[in-house]
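for reference, the sequence and a predicted model appear below.
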Amino acid sequence: MAQKPALICLKVSALMTFLLFFQTGSAQYNFGELDSKLQSHQKELSSNVVTLIYKGDKVIYQKEMGDFKANTVAPIASCSKWLTAALVMQFVDEGKLSLDDKVSKYLPIFNPYGKGFITIRQCLSHTTGIAGEKPGLMSIIKLSRYNSLEEEVNDFASKHELQVQPGIEFRYSAIGLNIAGRVLEVIAKKPFDRIMQEKLFRPLNMRNTTFASEKAVNPSGGAKSTANDYMNFLVMLLNKGMFNGKRLLSEQSVELMQQPVTNLSMIKYAPAVAEGFNYALGEWVQEADASGKATCVASPGLFGTWPLIDTKRGYAAIVFVKTLLNEQKKDIYMDLKGSIDEVLNR
């Protein structure tokens, strides 16, 4: 009879040991400070906020606030640029395009207006030299008058002045990435949104992400997505082009995308959310090491979503909201990242 209680005690001890191990594993990261900061800034971040952090091979933090969920679809504004730059690099990997190709090779309309020597690289780095609208609600309204990406880009070629020689000055706008998007349409002989679905969104299981529009598609700022979907994209870049065992981008292309193209003296216009950052290809260099190599890249959007990859600490994160950012909000995001870094540095 004495053996039975002993056996029960042994089983209970084993169970407790297992539960203790599980609890320890779950409590590996203590994001209490991040929780507190998100709650204190919730109203400023539009009340509806989703925050995800990915490290290793899983999401290690998820917080949903207000009516937003990780699968809620919303416009992501300039976060779209990162997606478009990655799509361009897929064409580069396939040998269908070179970053040093002149856009006039695919869009001859640029030749008669003295813009034929602008390169794809300059399009991805906002150094085309073409005058454009500063990003904002007014620029979005103006872009909506076009019925096709072709019509819009033809206007860039024929009706926008060349302010400075390409490659000399940086001015953030919708021009460069939209020109690059139109080049992809010519090469693939398909609409931009369809190319994106086939080559990037479907392989990344981004089922709720689209560039589709009733008017002209906008490669620079027209995507709608979810926190979950965009995190898949970030994971692919964090894993140097791999996603679920499939290579979508070469390691070289991922490195090129993260390599700074500008220096601060070149930057003549940057939105307040990115002031003080240099630019690479479709993404901002948020942090760099002593040699200038990017260690954290990001692509904040006008409506408030802020995705980033920190290669130094090995994580990806996204704060997904729907509001307009301003200079003060940038400070909030930097503060949130500081809390994340403090936990992951331990």
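Okay, I see it.

quick one: the helices in the stretch 51-200 of the chain?
80-93, 120-124, 137-143, 149-159, 175-188, 192-196 (DSSP state H, counting those that start in this stretch).

ranking those by mean pLDDT, which is last?
Across the helices of the stretch 51-200 of the chain, helix 137-143 has the smallest mean pLDDT, namely a mean of 61.

circling back: turn the helices of the stretch 51-200 of the chain into JSON lines, columns for mean neighbour count and distance to residue 230.
C-betas here are computed from N, CA, C, even on glycine. Converted to JSON lines, those look like this (neighbours: other Cβ atoms under 10 Å; distance: least, Cβ to Cβ, whole Å):
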{"stretch": "helix 80-93", "mean neighbour count": "24", "distance to residue 230": "8"}
{"stretch": "helix 120-124", "mean neighbour count": "25", "distance to residue 230": "19"}
{"stretch": "helix 137-143", "mean neighbour count": "14", "distance to residue 230": "20"}
{"stretch": "helix 149-159", "mean neighbour count": "18", "distance to residue 230": "22"}
{"stretch": "helix 175-188", "mean neighbour count": "24", "distance to residue 230": "17"}
{"stretch": "helix 192-196", "mean neighbour count": "22", "distance to residue 230": "13"}
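
out of the ones you listed, which comes closest to residue 228?
helix 80-93 (14.9 Å; Cβ to Cβ).

report how many residues lie close to residue 33.
Using other Cβ atoms under 10 Å, residue 33 has 14 neighbouring residues.

what packs against the helix or strand containing it?
Taking DSSP states H and E as the definition, residue 33 sits inside helix 32-40. If you count contacts as 3 or more Cβ pairs under 8 Å, 6 or more residues apart in numbering; DSSP states H and E, helix 32-40 packs onto strand 49-55, strand 58-65, helix 327-344.

give me whichever of the ones you listed is most buried.
strand 49-55 (a mean of 23; mean count of other Cβ atoms under 10 Å).

partners of that strand, with directions?
If you go by DSSP bridges, strand 49-55 pairs up with strand 58-65 (antiparallel), strand 315-321 (antiparallel).

so for the shortest one, mean pLDDT?
If I follow you right, that is strand 315-321. Across strand 315-321, the average pLDDT comes to 96.

that older thread, reformat the strands paired with strand 49-55 as JSON lines; add distance to residue 150.
What follows is the strands paired with strand 49-55, written out as JSON lines (distance: least, Cβ to Cβ, whole Å):
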{"stretch": "strand 58-65", "distance to residue 150": "40"}
{"stretch": "strand 315-321", "distance to residue 150": "32"}
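
out of these, the one nearest residue 189 is which?
Residue 189 sits nearest to strand 315-321 of all the strands paired with strand 49-55, at 33.3 Å, using Cβ to Cβ.
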